[in-house]
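> Mind looking at a prediction? Sequence and model below.
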Amino acid sequence: MNVQNAVVDGAVAALVIGWIMYRQTRWQELDANRLWRGPIILGLIGFVQMKSVVAGSGIGVMAVALLALSALLGIGIGVVMGLLSQVRAGASGLEARTGWAGTLLWVALLAVRIGVDVVAHLSGAVAVTSVGAILLVVALNRAGRALVLARRAEQLRIVAAH
C-alpha cells in the first residue's frame, strides 16, 4: 500500500466514523430496516476490501488474533452503546440516540484500533491495518448496537401494547 492510498483510506474511514458519531447524537427513527442497513453495507464493503488484501498478502496467526480482538471489541462497545442509548416515543414511532456517551465510546474504540494497528504493523500483519478491517469493525460495532436497540424497541412495543 502506498502513502497516497493510505491517506485516502484513512480519510474515508475518518469520514464514515465522523458521520456515524454525528448521527448518533441526533434523534433517529428506530426502524428495523434502517437500523440494519448501515452494518450490512459497511460489512459487505469491508469484506470485499479484506478479501482483496488477504488474497494479495495472505493472513497469519497474529493477524487472525488481532482481527478477532478487534471484532470482539467492536461488538462489545456496540452492545454498550445500545444499552446507553436513549429511546423515546416520537411523532412517527420510537426514536433513539446514543448521545455523547456513545461518542466517548467511539474515541475509546478508535484508541484501541490505533493500538491494534501499531501492533499489526510492527508484527507484519498488514491485513489488520487495511480499510476493510476497519470497516468490518465499524460494521460489527453498529450490528452490536442495532441488536440491542432492536430488542429494546421490541420490549417497549410489547409494554405499550398492554
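Cool, got the structure.

> What are the boundaries of the strands in this structure?
Assigned by DSSP state E, the strands in the chain fall at 28-29, 86-90, 93-97.

> Helix or strand, whichever it is, which one in the protein has the lowest mean pLDDT?
helix 3-23 (a mean of 76; mean pLDDT, DSSP states H and E).

> follow-up on the earlier one: can you list the strands of the chain in JSON lines and add mean neighbour count?
C-beta: built from backbone N, CA, C; applies to glycine. Shown next, in JSON lines, are the strands of the chain (neighbours: other CB atoms under 10 Å):
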{"stretch": "strand 28-29", "mean neighbour count": "16"}
{"stretch": "strand 86-90", "mean neighbour count": "13"}
{"stretch": "strand 93-97", "mean neighbour count": "17"}
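
> looking at those, which is closest to A139?
strand 28-29 (17.6 Å; CB to CB).

> Not counting the closest one itself, show me its contacts.
Strand 28-29 has contacts (CB atoms under 8 Å, 6 or more residues apart in numbering) with 34, 90, 92-97.

> For burial, what's the neighbour tally of A139?
Applying other CB atoms under 10 Å, we find 24 residues neighbouring A139.

> same for the least confident helix or strand of the chain, what does it pack against?
helix 99-123, helix 131-161 (3 or more CB pairs under 8 Å, 6 or more residues apart in numbering; DSSP states H and E).

> Which elements pack onto the last one?
Looking back up the chat, that one is helix 131-161. Against helix 131-161 (3+ CB pairs under 8 Å, 6+ apart) you get helix 3-23, helix 32-57, helix 61-84, strand 86-90, strand 93-97, helix 99-123.

> in it, what's buried?
For helix 131-161, burial by neighbour count (16 or more other CB atoms under 10 Å) applies to 131-149, 152-153.

> The first one too?
The neighbour-count criterion (16+ other CB under 10 Å) identifies 99, 102-103, 105-106, 109-110, 112-113, 116-117, 119-120 as the buried residues of helix 99-123.
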